[in-house]
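In: Sharing a model that was predicted from the sequence below.
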Amino acid sequence: MSITVSKRAVKKLKDELIQKCLSMGLGYRIADGSVESSQAIFNMMVDKEHPGDVVSISNGIKIFLDPEKAVLLKDYELDCLNENNCNFCLKKK
């Protein structure tokens, strides 16, 4: 048998982990994308800032983009398709 974690503890642990990651300067990198009509296809990963990155901070979340992607995605917003099983998407503002 292994240790389990209560739902109340999970929420607290997630909140603490998020704050630690944010305080370490971590954010999300959007890379290898293409734009098709009003939506973009992309890869997203947790990362740190790299030299030359364009950094966007929105609602406390850092988004890292290379300069070419920043120009391509300047009129887009990162969103969640649904609240139950969140698949991220980029929507034209």
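Out: Ah, there it is.
In: show me what contacts the residue nearest the centre of the chain?
Out: Nearest to the geometric centre of the chain sits residue 28, at 4.0 Å (Cα atoms, centre = their mean). Residue 28 sits next to 44, 45, 46, 47, 61, 62, 63, 64, 78 when contact means Cβ atoms under 8 Å, 6 or more residues apart in numbering. C-betas here are computed from N, CA, C, even on glycine.
In: Name only those of the residues you listed that count as buried.
Out: In terms of neighbour count (16 or more other Cβ atoms under 10 Å), the buried residues within those are 47, 62, 63, 64, 78.
In: Work out for me the element the residue nearest to the centre of the chain sits within.
Out: Assignment of secondary structure by DSSP states H and E places residue 28 within strand 27-36.
In: With residue 90 instead?
Out: Take DSSP H and E as the rule and residue 90 turns out to sit in strand 88-92.
In: ok, that strand: who's next to it in the sheet?
Out: strand 39-47 (antiparallel), strand 76-80 (antiparallel) (DSSP bridges).
In: what's the offset of the longest helix along the chain from the middle of its chain?
Out: Residue-count comparison of every helix in the chain, with assignments taken from DSSP state H, identifies helix 7-23 as the longest. Offset of helix 7-23 from its chain centre (Cα atoms, centre = their mean, to the nearest Å): 16 Å.
In: now swap in stretch 20-31 and tell me
Out: Taking Cα atoms, centre = their mean, one finds stretch 20-31 lying 8 Å from the centre of the chain it belongs to.
In: Can I get that stretch as CSV, trimmed to CA atoms?
Out: As requested, the backbone C-alpha atoms of stretch 20-31 are provided in CSV (Å, rounded to 0.1, in the frame of the first residue of the first chain):
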residue,chain,number,x,y,z
LYS,A,20,7.2,28.0,-6.3
CYS,A,21,7.4,27.6,-10.1
LEU,A,22,6.3,31.2,-10.7
SER,A,23,8.8,32.5,-8.2
MET,A,24,11.5,30.6,-10.0
GLY,A,25,10.7,32.4,-13.2
LEU,A,26,9.1,29.4,-15.0
GLY,A,27,6.4,29.9,-17.5
TYR,A,28,5.0,28.3,-20.7
ARG,A,29,6.8,28.3,-24.0
ILE,A,30,4.7,28.2,-27.1
ALA,A,31,6.7,26.7,-30.0
